[in-house]
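# fold the following, please.
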Amino acid sequence: MIRSDKLTARNFPSAQEEAQQQAAFDAAFDANPPAAYQLAFTDTDFLVRPELRPVRMQLELLKPELIQQELNIQSTVVIFGSARIADRESAQAAVDAARAAKDEAAVQRAERRLVMSGYYEEARKFARLVTETTKDFAHPLYVVTGGGPGIMEAGNRGAHEAGGRSIGLNIVLPHEQRPNQYITPELCFRFHYFGLRKMHFLMRSVALAAFPGGYGTLDELFETLTLIQTGKCRRRPILLFGRDFWSRLIDFELLIDTGMISPGDEQLFHYVETADEAWALLMKEYDIGGTTNGSSGTNGTNGTNGHPGTGAVPAGGT
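So this is what the prediction gives:
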């Protein structure tokens with residue numbers, strides 16, 4: 001009888017085994033070996049050298065990619081927005097405190113933030129709808145955020161409240177960003193390179209929801225619009241929450257009138273006001289729960305490829 005375990009046994013020790021062996025050796029002999037003696041892949045000082053930047057970039061691409069592959073995550077919905085927008089309860093508490101202090105300027109600021117808190121609640125509801133509707137599909141839609149507070153927290157929170165998993169793509173900043181508490185722990189990533197983080201936002205995305213935000217939100221929104229406009233990635237729904245905010249912030253008609261963008265480029269996105277409106281648009285776009293070919297699989301998925309609805313939601317990839 002053939003011993004299959006012998007046929008498939010490793011010919012060489014794994015890197016992990018030898019790293020553990022080195023650590024045990026150093027500990028047993030109270031050793032403090034010179035840097036040159038350390039294994040290259042356990043030597044942090046070596047790995048952070050400027051010449052090793054291409055290696056570090058490859059690692060930042062591979063680590064989240066391999067983990068998501070292992071967890072069979074294929075399609076995501078990305079939620080962008082300001083870190084400064086608070087939930088309604090916190091915003092109301094700030095209004096009450098400002099009024100109690102009889103600080104009129106503070107009251108006005110707090111009242112504006114209370115109005116903006118409506119976006120937190122819509123982001124939270126939108127993430128909950130995405131997760132609740134698809135979490136039992138063969139390939140659910142996973143909410144992805146930048147991992148921080150504000151609208152990002154709202155997205156992860158809504159998915160958490162729906163009993164699903166969600167992803168947080170954190171970034172190292174001068175003032176350290178702390179991951180919000182609602183990210184699924186095994187999907188809480190941290191990046192050094194903004195470029196690699198942006199790539200992971202788009203690699204599996206089937207839709208992007210942009211809530212009011214500042215420079216970071218605008219950066220992510222316009223990079224996505226540029227990639228779609230130039231054909232560098234496939235077209236997918238881009239949802240701008242709050243027509244009044246976005247139309248006051250960006251004059252798309254001026255861009256068309258002056259020839260800076262082409263007529264029709266303004267159709268690369270949709271204005272929406274509520275989570276229900278946004279989710280209805282995505283359900284129509286991808287026929288989620290539909291039966292276009294009359295052959296649906298279990299849990300609302302298509303029998304051929306297991307995606308939501310008729311399988312119209314494609315796997316990610318830019």
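# can you list the buried residues in stretch 86-94?
The neighbour-count check on stretch 86-94 (16 or more other C-beta atoms under 10 Å) flags 86, 87, 91, 92, 94 as buried. Quick note: C-beta positions are derived from backbone N, CA and C, even for glycine.
# tell me which two of the residues you listed sit farthest apart.
Farthest-apart pair in the buried residues of stretch 86-94 is 87 and 94; separation 10.9 Å (C-beta to C-beta).
# contact partners of the host helix or strand of residue 62?
Here residue 62, judged by DSSP states H and E, is contained in helix 53-70. With contact meaning C-beta atoms under 8 Å, 6 or more residues apart in numbering, helix 53-70 is reached by 47-48, 167, 169, 186-187, 189, 191-193, 195-197, 199-200, 203-204.
# tell me the buried residues within those residues.
167, 169, 187, 189, 191, 196, 197, 199, 200, 203, 204.
# the second one - that's part of a helix, no?
So the one you mean is residue 169. No. Residue 169 sits outside any helix when classified using DSSP: H, G, I helix; E, B strand; the rest coil, being strand.
# send the alpha carbons of the helix holding residue 62 over as PDB?
What follows is helix 53-70, C-alpha atoms only, in PDB (Å, rounded to 0.1, in the frame of the first residue of the first chain):
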ATOM      1  CA  ARG A  53      10.300  48.700  -0.800                       C
ATOM      2  CA  PRO A  54       9.300  46.400  -3.800                       C
ATOM      3  CA  VAL A  55       9.200  43.400  -1.400                       C
ATOM      4  CA  ARG A  56       7.200  45.300   1.200                       C
ATOM      5  CA  MET A  57       4.700  46.400  -1.500                       C
ATOM      6  CA  GLN A  58       4.300  42.800  -2.700                       C
ATOM      7  CA  LEU A  59       3.700  41.700   0.900                       C
ATOM      8  CA  GLU A  60       1.000  44.400   1.400                       C
ATOM      9  CA  LEU A  61      -0.700  43.200  -1.800                       C
ATOM     10  CA  LEU A  62      -0.400  39.500  -0.900                       C
ATOM     11  CA  LYS A  63      -1.400  39.400   2.800                       C
ATOM     12  CA  PRO A  64      -4.900  40.700   2.500                       C
ATOM     13  CA  GLU A  65      -5.400  38.900  -0.900                       C
ATOM     14  CA  LEU A  66      -4.500  35.500   0.500                       C
ATOM     15  CA  ILE A  67      -6.600  35.900   3.600                       C
ATOM     16  CA  GLN A  68      -9.600  36.900   1.600                       C
ATOM     17  CA  GLN A  69      -9.100  34.000  -0.800                       C
ATOM     18  CA  GLU A  70      -8.900  31.600   2.100                       C
END
